[in-house]
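> Predicted model follows, preceded by the sequence.
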Amino acid sequence: MPRTRVKICGLTSLDGVDAAVREGADAIGLVFADSPRLVTPKQAVSITDDLPPFISTVAVFKKANDFEVSTIWKTFRFSCLQADAGGLGVLSLEGLEPQVIQVHRLGPSSIAQILQATANHHALLIEGARSGAGETIDWNAVVPLARQRRIILAGGLTPDNVAEANRTVRPYGVDVSSGVESSPGKKDPIKIRDFLQAVRDVYRELQ
């Protein structure tokens with residue numbers, strides 16, 4: 001079983017980024033959509049400027065468009081772009097070739113519909129109806145999808161339930177934001193540590 005990747009999303013401070021990197025996160029998520037975790041491109045640069053090698057930066061949008069993405073790209077050169085499936089248009093930006101994480105929310109769309117619509121995407125993030133709201137989804141419903149796509153599981157994950165989520169889904173990656181916060185937008189270093197440790201523990205268990 002490959003190691004589960006971890007993305008800590010909605011980071012707004014250097015302390016939060018440092019904690020995520022120190023505890024072994026693979027990716028740092030910066031939100032550029034309406035949210036308590038919203039950052040400006042300059043803030044994103046300032047808190048990620050000293051990242052070590054092999055840590056990805058993910059620019060999180062609601063509905064991405066050329067103007068919005070290119071404006072941010074001029075200041076903040078991110079590694080991956082994450083956006084709603086319905087909001088990903090054709091991004092024809094000079095020098096911009098980030099990997100794409102397409103967001104799908106379980107609900108109206110069936111697993112079969114998601115599979116049909118996502119054959120060529122790098123990864124799919126699956127979550128509940130509202131981003132950043134801490135809503136847990138039906139993990140069992142995601143299992144067939146995780147067998148055929150690189151799934152990043154999100155929605156209501158915490159240090160207390162991420163191990164069981166991994167046992168059930170066996171996702172490519174997990175994504176957490178509110179589950180490692182002391183208040184909206186403020187990351188808790190202890191919760192980040194416990195979350196990463198739980199992911200490592202279940203990986204060793206499943207080997």
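Received the coordinates, thanks.
> what about residue 10, which SS state?
Three-state assignment for residue 10 (DSSP: H, G, I helix; E, B strand; the rest coil): coil.
> now swap in the one 5 residues further on and tell me
Reducing the assignment to helix, strand or coil with three-state DSSP, the entry for residue 15 is helix.
> if I look at it, how far off is residue 31?
Look at residue 15 and residue 31: by CB to CB, to the nearest Å, they are 17 Å apart. (Each C-beta comes from the backbone N, C-alpha and C, glycine too.)
> These two - which one has more neighbours?
Ranked by neighbour count (other CB atoms under 10 Å), residue 15 and residue 31 place residue 31 first, with 25 against 13.
> And that one, its phi and psi?
phi -90, psi 130 (degrees, to the nearest 10).
> what about the strands in the chain?
5-8, 27-31, 56-60, 80-84, 99-105, 123-127, 151-153, 173-176, 181-183, 186-187 (DSSP state E).
> quick one: strands adjacent to the first one?
Going back to what we said before, that points to strand 5-8. Take DSSP bridges as the rule and strand 5-8 pairs in its sheet with strand 27-31 (parallel), strand 173-176 (parallel).
> Make a markdown table from those and add distance to residue 203 and mean pLDDT to it.
Formatted as a markdown table, the strands paired with strand 5-8 follow (distance: least, CB to CB, whole Å; pLDDT from 0 to 100):
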| stretch | distance to residue 203 | mean pLDDT |
| --- | --- | --- |
| strand 27-31 | 17 | 98 |
| strand 173-176 | 11 | 97 |
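> Out of these, which one sits most buried?
strand 173-176 (a mean of 26; mean count of other CB atoms under 10 Å).
> Residue 184 - how many residues pack around it?
By other CB under 10 Å, neighbour count at residue 184 equals 14.
> which helix is the longest one in the protein?
Longest helix of the chain, by residue count under DSSP state H: helix 189-206.
> For that helix, which outside residues touch it?
1, 3-4, 6, 8, 15-16, 19-20, 23-25, 157-160, 162-163, 166-167, 170, 174, 176, 179-182 (CB atoms under 8 Å, 6 or more residues apart in numbering).
> how far out from the middle of the chain is that helix?
Its chain's C-alpha centre and that of helix 189-206 lie 16 Å apart, by CA atoms, centre = their mean, to the nearest Å.
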